[in-house]
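**Student:** have a look at this prediction, sequence included:
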Amino acid sequence: MKDAINFDEIDELGPQDYDATFTDITLGDVNRVEVAAVGAVHIDAHAEKGGDAEYVVDGSVQFAADFHCSRCLDPYPIANTSNFHVRFRPRPAASIEEDIEITEPEELDVEFYTERSIPLRDLALEQVQLSIPMKPLCEENCLGLCPQCGANRNREACRCGESAVDARWGGLAEIRDQLAKKREV
Ligand SMILES: [Zn+2]
Ligand SMILES: [Zn+2]
């Protein structure tokens, strides 16, 4: 199992295919609070020369993980497959780099390289990170936590809703009392 895309090898031998599984990608590697656990990450990739010193890598990444629901905070399992398309170009000299503006939509998949070897693990990890939603949800209509008592409303019906109604009536009662006082004055 090759563990890196090697541009010299592509120059020499033509397009290359890769297939690797990483079982050592940790939560620390992923580094996102939304993720509770991460399993094996599988990557398939095809790499070929795209142009002058440019290499095009297409492929897909599959992994299973547990995400924390952003509403109820419970972890829930997911299985994800994401396809990617990346063009690797040589990193320009620092002085030039400041002037580079990536404006074309098709330029968004460009990554710059300095080493002529790209570890598949890095590519796989990058795709895992890109596929983590900003606000994961265990289900679309997750009821979340009660803001008052913290109960998970998917699992239990707390009585806070009722007392919130009581509080509203309490407010009305106060107004009623104040009005009553004014009348007395
Ligand atoms: Zn939830
Ligand atoms: Zn409650």
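**Tutor:** Sure, I can see it. Ligands and ions are numbered 1, 2, ... in the order given.
**Student:** next SSE after the helix or strand harbouring residue 11?
**Tutor:** Secondary structure assignment for residue 11, by DSSP states H and E: helix 7-13. Using DSSP H and E, the next helix or strand after helix 7-13 towards the C-terminus is strand 16-22.
**Student:** who are the packing partners of that following strand?
**Tutor:** Counting by 3 or more C-beta pairs under 8 Å, 6 or more residues apart in numbering; DSSP states H and E, the packing neighbours recorded for strand 16-22 are strand 4-6, strand 35-51, helix 120-130. For glycine as for every other residue, the C-beta is placed from the backbone atoms N, C-alpha and C.
**Student:** can you list contacts of the longest one?
**Tutor:** The reference is to strand 35-51. Outside strand 35-51, the residues that touch it by C-beta atoms under 8 Å, 6 or more residues apart in numbering are 5, 10-11, 14-23, 25-27, 30, 55-68, 75, 87, 120, 123-125, 127-128, 132.
**Student:** and the angle from it to strand 16-22?
**Tutor:** Inter-element angle recorded for strand 35-51 and strand 16-22: 170 degrees (by axes from the mean of the first three to the mean of the last three C-alpha atoms, to 10 degrees).
**Student:** what's near enough to touch residue 22?
**Tutor:** Counting by C-beta under 8 Å, 6+ apart, residue 22 touches 40, 41, 42, 43, 120, 121, 124, 125.
**Student:** now residue 72: how far from residue 155?
**Tutor:** 9 Å (C-beta to C-beta, to the nearest Å).
**Student:** could you state which residue of this protein sits nearest its centroid?
**Tutor:** The residue lying closest to the centre of the chain (C-alpha atoms, centre = their mean) is residue 132, at 1.8 Å.
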